[in-house]
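1. heads up, no residue letters with this:
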């Protein structure tokens, strides 16, 4: 998480210099997505702007899963099921979208 868009631009440059490939926001405003260098273990890296919807989504999901172990196990199970798709296409991300939306709805219902 960074404080504003100016820092996102600096992060893009610094990560590119370290071999990370910037992939744009991939349809999520307030977020910059990166593909790791070839020598790194594959994972998703995002830089999000503080207060953006992307930032709130990450924090709300994290906090909800920390306080609801059964839902965290459900989410983990889905991630393990989808893991073989991680490097081949966006199916890993899209495969989680429905459950993430459901969990965010639950999280925000409990907080309102």
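-> Yes, it's here. Treat the numbers as computed from the prediction; the structure is a model and nothing was measured. Numbers count the residues shown, from 1 in each chain.

2. show me how this structure divides into domains.
-> 1-50, 51-112 (automatic domain parsing).

3. want to throw those into TSV with mean neighbour count and mean pLDDT?
-> C-beta here means a position set from N, CA and C on the backbone, and glycine is covered the same way. What follows is those, written out as TSV (neighbours: other Cβ atoms under 10 Å; pLDDT from 0 to 100):
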stretch	mean neighbour count	mean pLDDT
domain 1-50	14	92
domain 51-112	13	90
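
4. got a list of what residue 108 touches?
-> Residue 108 is in contact with residue 60, counting by Cβ atoms under 8 Å, 6 or more residues apart in numbering.

5. is it true that it lies in a helix?
-> Yes - Residue 108 forms part of a helix when assessed by DSSP: H, G, I helix; E, B strand; the rest coil.

6. separation between it and residue 59?
-> 11 Å (Cβ to Cβ, to the nearest Å).

7. repeat for residue 75
-> Plainly put, residue 75 is 15 Å away from residue 59 if you go by Cβ to Cβ.
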